[in-house]
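Asks: Quick one: sequence and predicted model below, then my questions.
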Amino acid sequence: MAEKLAIIGAGPAGLTAALYAGRAFLEPLVFIGPSFGGQIATTTEVENFPGFPEGLQGPELTALMRRQAEKFGARMVEETILKVDFSRRPFRLWSSNQQYEVEAVIVATGATPRKLGVPGEEEYIGRGVSYCATCDGFFFRDKEIIVVGGGDSAFQEGLFLTKFGRRVRIVHRRDEFRAGATLQQRAMQNPKIEFIRSAVVERIIGNGKVREVELRSTKTGERWVTPVDGVFIFIGHQPNTDLFKGQLDMDEEGYLIVDKRLHTSVPGVFAAGEVHDNWFKQAITSAGFGCMAAMEAEKFLAALESERAAVATAV
């Protein structure tokens, strides 16, 4: 017998969807996947999630969200979904050792920040290395900050970080930036922003937290070390949607295409969070999308049940 609802992913979007679906007595299966909690679970301190004025650790927040969802009947499955078939109903999902049949699915697999792949980057995530200025900028008041990237995100976040940092230096591998002209003009007129062109970060150096970065000129090969407190990396995100290629409509960047109620191109399949959101990219907005997706899934399943009851009565 097919399950009513499966939620693929267990970050703020998936866990909120699980809470709302649980309260609707759908007893959702939540496939945790390779990284429970999503990106926020790697954040050392969260101060901008409503309801926690003293702040809390990212893993603590997601653990609380899980406990609340389980309280209302959500079932956490410590498996990764490797294959899906949305071409027939019920939908089929495969993990490494089991096949599942479900009537509706919420995709909440999130997105992954693109990384530099340099020594020290992984080691100092949450201790000076960040991929979210809104999340972490507050911790770098009157500090030296480097922003890596040359597109709109790098400039937008760099401008935001000037509210906190003593100085913000934007490092880009080319002479020319990809950011829009207006953003470039605003940044160049900001006295706190400086530019390091035609350079790349080769290494992030620290002692418990970030202290320096090693830079290399892309023109001459010259290397030098400069003191810094925070390294904010904005070279793009990769939505975790490879699993759904050929199954769901996506944009040119791989983000799922949804309507205003988070319906994907397949009826009964919904999306929530950074798997479709290429703009806000915040835990609280992802949670909101999770709520919306669960409410829509409940309506879809109720309509499906009514339709089947009507057919059974007619027979």
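Replies: Happy to help now that I have it. Numbers count the residues shown, from 1 in each chain.
Asks: Could you pull out the helices in this structure for me?
Replies: Taking DSSP state H, the helices of the chain run over residues 12-23, 58-71, 133-136, 152-161, 181-188, 283-314.
Asks: Which of the ones you listed comes out lowest on mean pLDDT?
Replies: Ranked on mean pLDDT, the bottom entry among the helices of the chain is helix 133-136, at a mean of 86.
Asks: now the end-to-end length of stretch 271-279.
Replies: 15 Å (Cα to Cα, to the nearest Å).
Asks: Go through that stretch and flag the buried ones.
Replies: Residues of stretch 271-279 classed as buried under the neighbour-count rule (16 or more other Cβ atoms under 10 Å) are Ala271, Ala272, Gly273, Glu274, Val275, His276, Asp277, Asn278. Just so you know, the C-beta spots here come from the backbone N, C-alpha and C atoms, and that holds for glycine as well.
Asks: and what of stretch 57-76?
Replies: For stretch 57-76, burial by neighbour count (16+ other Cβ under 10 Å) applies to 58-59, 61-63, 65-66, 68-70, 72-76.
Asks: Now the two most distant members of those residues.
Replies: Within the buried residues of stretch 57-76, Gly58 and Gly73 form the most distant pair, 25.1 Å apart (Cβ to Cβ).
Asks: any idea which helix or strand of the protein has the worst average confidence?
Replies: Ranking every helix and strand in the chain by mean pLDDT, DSSP states H and E puts helix 133-136 at the bottom, with a mean of 86.
Asks: distance between it and the chain's centre?
Replies: Centroid separation between helix 133-136 and its chain, computed with Cα atoms, centre = their mean, to the nearest Å, is 13 Å.
Asks: Report all helices and strands that that helix contacts.
Replies: Packing contacts for helix 133-136, counted by 3 or more Cβ pairs under 8 Å, 6 or more residues apart in numbering; DSSP states H and E, involve helix 152-161, strand 230-233.
Asks: Does anything pack onto the longest one? Which helices or strands?
Replies: Using 3+ Cβ pairs under 8 Å, 6+ apart as the contact criterion, the elements in contact with helix 152-161 are helix 133-136, strand 144-148, strand 167-171, helix 181-188, strand 230-233.
Asks: Identify the residues contacting the fourth one?
Replies: Defining contact as Cβ atoms under 8 Å, 6 or more residues apart in numbering, one finds that helix 181-188 is touched by Asp152, Phe155, Gln156, Gly158, Leu159, Ile170, Phe177, Ala179, Ile193, Phe195.
Asks: Reformat the residues you listed as CSV; add distance to Pro28.
Replies: Shown next, in CSV, are the contacts of helix 181-188 (distance: Cβ to Cβ, whole Å):
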residue, distance to Pro28
Asp152, 36
Phe155, 40
Gln156, 35
Gly158, 40
Leu159, 40
Ile170, 43
Phe177, 44
Ala179, 41
Ile193, 46
Phe195, 48
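Asks: Which of those residues has the largest number of neighbours?
Replies: Using other Cβ atoms under 10 Å as the neighbour test, the contacts of helix 181-188 are led by Gly158, with 29 neighbours.
Asks: Let me know the distance separating the closest residue to Asn240 other than its chain neighbours from Ser153.
Replies: Once flanking residues are discounted, Asn240 sits nearest to Thr109: 4.1 Å by Cβ to Cβ, 6 or more residues apart in numbering. As judged by Cβ to Cβ, to the nearest Å, Thr109 and Ser153 stand 21 Å apart.
Asks: Looking only at neighbour counts, state which of those two leads.
Replies: Between Thr109 and Ser153, Thr109 has the larger neighbour count (other Cβ under 10 Å), namely 27 against 21.
Asks: List the contacts of that one.
Replies: Thr109 neighbours (Cβ under 8 Å, 6+ apart): Ile8, Gly9, Gly33, Pro239, Asn240, Thr241, Leu243, Val275.
Asks: So which of those are in strands?
Replies: By the criterion of DSSP state E, membership of these in strands covers Ile8, Pro239.
Asks: what's the farthest-apart pair in the contacts of Thr109?
Replies: Greatest spatial distance among these (Cβ to Cβ): Gly33 and Pro239, at 14.0 Å.
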